[in-house]
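A.B. asks: fold the stuff below for me.
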Amino acid sequence: MTTSRENAPDAGFGPRAQRTCDPRQAEQLVARLLVDHRIELMGGERLLDAHLEGTRFGDLTATRLGYGRPVKVVCQEPLVEMHVRFVLAGSATLADGIGGRTEARAGQGAVYMPGSRPCNVLSADCVVLAMRVPQHRVEVEVASLLGGRSPVPVHFDFALRPAGGAGQRLVQVLDLLQAEVAEPVLGRMDSLDRHLETLTLQALLAAQPHNHSAAIHAQGPAMGSVVRRAAELVRAEPGRAWSTGGLAAEVHLSVRALQEGFSRELGVAPMPYVRQVRLQRVRDALAHPTEATTVGAVAARFGFAHLGRFAGHYLERFGELPSVTLSRAREERAG
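C.D. replies: Sure, this is the predicted structure:
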């Protein structure tokens with residue numbers, strides 16, 4: 001395997017791109033970034049030339065990959081997160097294992113909901129931008145756009161065919177995302193890292209049909225825009241020492257106007273909203289730990305100064321102590 005630019009394929013891959021001609025090693029590399037899967041070599045004698053690169057933007061993981069020959073890629077288990085496949089070059093037959101199937105060329109793709117089991121056939125010259133994001137993170141964006149919690153989980157149409165102004169914007173955002181995957185510039189800054197995640201999810205929600213599309217478009221561009229901006233700031237920097245006054249100043253509102261706006265559009269006051277966002281970020285970090293992860297360090301990173309009160313809030317929100325979440329994640333990882 002090599003990671004040098006001089007050996008990189010001609011598909012625009014960056015200097016950190018990894019390559020291998022071993023199908024089993026390719027499976028391992030992709031599994032680290034996306035999902036466990038099996039590679040089946042299709043017709044022809046051409047050797048595998050798998051190449052990939054990936055990075056994370058907040059809770060969204062984005063990966064560019066290609067196999068250099070016709071392959072079938074089959075997921076080993078049903079997905080637990082939402083996945084998107086967007087064809088950058090070549091063509092692909094995309095299926096979700098539960099009835100969704102589409103033929104996609106460059107500029108097209110598919111959205112896989114949790115529970116689906118992708119089975120995709122890629123052409124030799126196919127390069128794909130693959131993304132995965134927890135379903136709850138998408139629900140947060142839906143709630144933000146609707147001005148409150150959505151009572152029904154979001155469900156996207158399968159075939160991704162960007163069209164119209166919103167579709168063009170989505171393609172532009174995905175172009176930016178793949179450029180950041182190849183050579184991170186904006187993503188090196190934590191605040192912009194979250195903005196890229198939010199921008200991508202909101203562009204997808206605007207362009208790809210789903211069961212909340214009509215409600216979101218009916219809101220109008222100015223509906224709750226200031227409150228949504230305040231909520232975006234909190235999600236972008238959850239560990240910042242937020243106060244109601246400081247948040248109000250950031251979006252040029254009075255404290256009273258901000259409080260009324262949050263109550264009307266999000267159904268919660270500003271500081272409880274900050275706590276909700278922080279608790280979810282802590283849970284995500286504990287559910288995907290490294291060897292150095294500790295409850296105290298994660299809680300402090302996301303703005304919880306008092307560990308006892310934090311544990312109480314966590315128990316109330318998720319029905320278990322944070323230490324239980326961390327222990328279970330490590331047991332699953334070891335198993």
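
A.B. asks: alpha carbons only: can I get the helix or strand bottoming out on mean pLDDT in the chain in CSV?
C.D. replies: The helix or strand of the chain with the lowest confidence, counting by mean pLDDT, DSSP states H and E, is helix 213-219 at a mean of 77. The C-alpha coordinates for helix 213-219 follow below in CSV (Å, rounded to 0.1, in the frame of the first residue of the first chain):
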residue,chain,number,x,y,z
SER,A,213,-39.8,18.4,2.4
ALA,A,214,-43.1,20.1,2.1
ALA,A,215,-43.0,21.3,5.7
ILE,A,216,-39.5,22.6,5.4
HIS,A,217,-40.1,24.5,2.2
ALA,A,218,-43.3,25.9,3.6
GLN,A,219,-41.4,27.6,6.4
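
A.B. asks: counting by contacts, list what that helix packs against.
C.D. replies: In terms of contacts (3 or more CB pairs under 8 Å, 6 or more residues apart in numbering; DSSP states H and E), helix 213-219 is packed against helix 135-146, helix 190-207. Quick note: C-beta positions are derived from backbone N, CA and C, even for glycine.

A.B. asks: pull stretch 269-279 out as PDB, backbone CA atoms only.
C.D. replies: In PDB, the C-alpha atoms belonging to stretch 269-279 read as follows (Å, rounded to 0.1, in the frame of the first residue of the first chain):
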ATOM      1  CA  ALA A 269     -34.900  28.000  26.500                       C
ATOM      2  CA  PRO A 270     -31.400  28.800  25.200                       C
ATOM      3  CA  MET A 271     -29.400  27.300  28.000                       C
ATOM      4  CA  PRO A 272     -31.300  24.000  28.200                       C
ATOM      5  CA  TYR A 273     -30.800  23.800  24.400                       C
ATOM      6  CA  VAL A 274     -27.100  24.200  24.900                       C
ATOM      7  CA  ARG A 275     -27.200  21.400  27.500                       C
ATOM      8  CA  GLN A 276     -29.100  19.100  25.100                       C
ATOM      9  CA  VAL A 277     -26.500  19.600  22.400                       C
ATOM     10  CA  ARG A 278     -23.600  19.100  24.800                       C
ATOM     11  CA  LEU A 279     -25.100  15.900  26.200                       C
END
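
A.B. asks: which one of the helices and strands packed on helix 213-219 lies nearest to Gly68?
C.D. replies: helix 190-207 (27.0 Å; CB to CB).
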